[in-house]
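Undergrad: predicted model and sequence below, questions to follow.
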Amino acid sequence: MISVNNVTVSFGSWNLLDSISFHMGDHDKIGLTGKNGAGKSTLMKLITGEEVPTRGSIEKPAGIRIGYLPQIMEHHKGHSVIDEVLSVFDYLHEMESQVADITAELARREDYESAGYAALIERLNSLNDRLALESGLSPSAQAEKVLFGLGFHADELERHTETFSQGWNMRIELAKMLLRKPDVLLLDEPTNHLDIESIEWFEDYLKAFRGSVLLVSHDRKFLDNVTSRTVEILMGHLHDYKVPYSQYVILRAERLAQQTAAYENQQRMIQKTEDFINRFRYKPTKSNQVQSRIKALEKLDRIEIDETDNSRLSLKFPPAERSGDVVFLGKDLSAGYPGKVVFSHAQIEIKRGEKVALIGRNGEGKTTLMRVIMGQLEALKGQARLGNNVKLGYYAQNQEDILDPSRTVLETLDRIAVGEIRTKLRDLLGAFLFKGEDIDKKVSVLSGGERARLGMACLMLSPCNVLALDEPTNHMDIRSKDVLKQALQAFDGTLIVVSHDRDFLDGLVDKLYEFRDGRVKEHLGSVQEFLEKRKMESLRELERSAPAAPKAEVKVETAPSRDFQAMKQQSKEQRKLKNRVDYLEKEIAKCESRMGEIEKILANPGNNDDILELTREYLERKRDNDAFTEEWASLMEQIGN
């Protein structure tokens, strides 16, 4: 289907891709692997035509439809989720309009035997055939099916796209791409912003997909479940393995071991032959043998070992200045945003030297707590305070929003560096694998992994005794993850980290805070112990929606003491219901009051009023109010019964 023929991509005298060739068949499911910056994203852009090779060619069938999901993308604003996704069906409306125009023209014309009339008939038949192929599920039904699979709820489809986070906007773009029904899918780290249920839905979709897939991911399980072929980019060259990722790792190690053994055997043979030649070169009785062996060496097919990229991230955090015994204390802590409580009544204590993980489903409050710790968000209720002499270093998960895309790699560090370290910025960047011309690259052209490394380099410029890292391994290749983990293990300060990566956290943290159903629960011990206790294999399983609680079995008790206990329990449950109703009524009143205030402002906004932020808050308030009202009505029915 797609052929890459002797393609070279050069930057000055350096070749990112060096005469690579491979073929992608109609139904191939390929995992594209290699270090960050190896050229994986560049290869995808070459296939789409966004970039052109320095030399070589890429052959594609005429009319092929390619769906490309990049790591970093621009999101459209001003439309609801459903309207934005339905925009991919605009071509259907265009075809229907063309059918109507041609039909009207045919009705007016009387030159039935002319070539023009025949051409119109042919065009009309072609359009009707295409429309017939598209018949089936309505566009709305197709859009909802994909959006629900990617984790959206029905009440979110009318919300505007700008009221969602970048991760959710990525899902919108993914939905649009899938609904275009391309022949080829090019996916650059599509799972970074998906929870487990969405990942599993997407896995099933890709398995059933009849076209071909080229996939970049650092999720081994996802690669193994979806792909049957692995293409590695290494030092500008391409190596093709007809197996999934886990088997590729084994085969690659075996191939290198075999190459090394064969190379060493040949080198020993060459050395012995050269010794013989040097020893008997000038002896007439051995001249025939010497000449024979010289010719044999000249004809010898020399074994070469595949060039290996042994460069690796060099990361060591500076010694941490001593902080107070308690780094962060949260007492009866409730946090969230106006009109939305994300978690409540949390008891959190992080002590000096502890390495703590925040785990749980997306949207349960992990990043919210990080923002409270950083002072970017105030607690709604309770106490939240930092300890004495705490110096925080924060790595946010949305590095693309924090780094200035117009600056170069060197300028990014130079802008925040102070003192003597400014004379050593090139050395620091070299330790983070930015060498030579890399330091003059604009942030806008960096891959996701390169941005992650640059963000970590920025963190190194401000010595701190508490590291707060929010999804630091997103976009990092497997080797870089291992180096970061080792550096954090050696860090003598305090670590607070949000991550779903079991391998990364295992052996790194000694305490976990689990965010679940609006509550925060402390777990002492390792990740492995936590998973064994919960009978899980992966932290991703925490992201599953909680199953509905089984209905209690009804039993008839005759003993008076049992009757009394049942009545007592029933009374207790009634009190709990009544307290919850009182709480909901107060929250509903707050929401309605604030919504009224916002409506007045929006009706006559002033120069300093942020219309977008007010609209976002109004939608959040409305969503909360609807949920509170629905729950209130349900509880009132229970009380009435």
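TA: Okay, I see it. Computed from a prediction, not measured in an experiment: that's the story for all the values here. Residues are numbered from 1 along each chain as shown.
Undergrad: poorly predicted segments of the stretch 301-450 of the chain, please.
TA: Screening the stretch 301-450 of the chain residue by residue with the criterion pLDDT under 70, one finds the ranges 305-314, 362-363, 398-401, 419.
Undergrad: can you pull out the strands in it?
TA: Counting by DSSP state E, counting those that start in this stretch, one finds strands in the stretch 301-450 of the chain at the ranges 326-337, 340-351, 355-360, 381-386, 392-395.
Undergrad: then the stretch 501-641 of the chain?
TA: With DSSP E, counting those that start in this stretch as the criterion, the stretch 501-641 of the chain has strands at 511-516, 519-524.
Undergrad: which parts of whichever strand or helix holds V7 are buried?
TA: Assessed by DSSP states H and E, V7 sits inside strand 2-11. Along strand 2-11, these residues count as buried under the neighbour rule (16 or more other Cβ atoms under 10 Å): 2, 4, 7, 9. Any C-beta I mention is one placed from the backbone N, CA and C, and that applies to glycine too.
Undergrad: of the strands of the stretch 301-450 of the chain, which stretch is the most buried?
TA: Between these, the one whose residues have the most neighbours on average, counting mean count of other Cβ atoms under 10 Å, is strand 355-360 (a mean of 23).
Undergrad: C-alpha coordinates for that one, PDB please?
TA: Provided in PDB are the C-alpha atoms of strand 355-360 (Å, rounded to 0.1, in the frame of the first residue of the first chain):
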ATOM      1  CA  LYS A 355       8.600   9.000  48.300                       C
ATOM      2  CA  VAL A 356       4.800   9.100  47.800                       C
ATOM      3  CA  ALA A 357       2.700   8.200  44.800                       C
ATOM      4  CA  LEU A 358      -0.800   9.700  44.000                       C
ATOM      5  CA  ILE A 359      -2.800   7.100  42.200                       C
ATOM      6  CA  GLY A 360      -6.400   6.700  41.000                       C
END
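Undergrad: partners of that strand, with directions?
TA: strand 494-498 (parallel), strand 511-516 (parallel) (DSSP bridges).
Undergrad: now the last one: average pLDDT?
TA: Spelled out, it's strand 511-516. Regarding strand 511-516, the rounded mean pLDDT is 90.
Undergrad: and for that strand, what's in contact with it?
TA: By Cβ atoms under 8 Å, 6 or more residues apart in numbering, the residues outside strand 511-516 that reach it are 343, 348, 354-361, 364-366, 369, 520-525, 527, 530, 542, 546.
Undergrad: quick one: buried residues of that strand?
TA: Within strand 511-516, the residues that count as buried by 16+ other Cβ under 10 Å are 511-515.
Undergrad: from those, which is closest to S246?
TA: Looking at the buried residues of strand 511-516 and their distance to S246, the nearest is L512, at 27.5 Å (Cβ to Cβ).
Undergrad: just the element for V231, please.
TA: Under the assignment given by DSSP H and E, the secondary-structure element containing V231 is strand 229-234.
Undergrad: can you give the contact residues for that strand?
TA: Contact partners of strand 229-234, identified using Cβ under 8 Å, 6+ apart, comprise 17, 20, 22, 28-35, 38-40, 43, 223, 238-245, 247-248, 252, 306-309.
Undergrad: narrow those residues to those in strands?
TA: Those of the contacts of strand 229-234 mapping onto strands are 17, 20, 22, 29-33, 238-241, per DSSP state E.
Undergrad: OK, contacts around the closest residue to K533 other than its chain neighbours?
TA: Nearest residue to K533 in three dimensions, chain neighbours excluded: H523, at 7.8 Å (Cβ to Cβ, 6 or more residues apart in numbering). H523 sits next to 511-514, 530, 533 when contact means Cβ under 8 Å, 6+ apart.
Undergrad: end to end, how far does stretch 185-194 reach?
TA: From the first residue to the last, stretch 185-194 extends over 17 Å; the measure is Cα to Cα, to the nearest Å.
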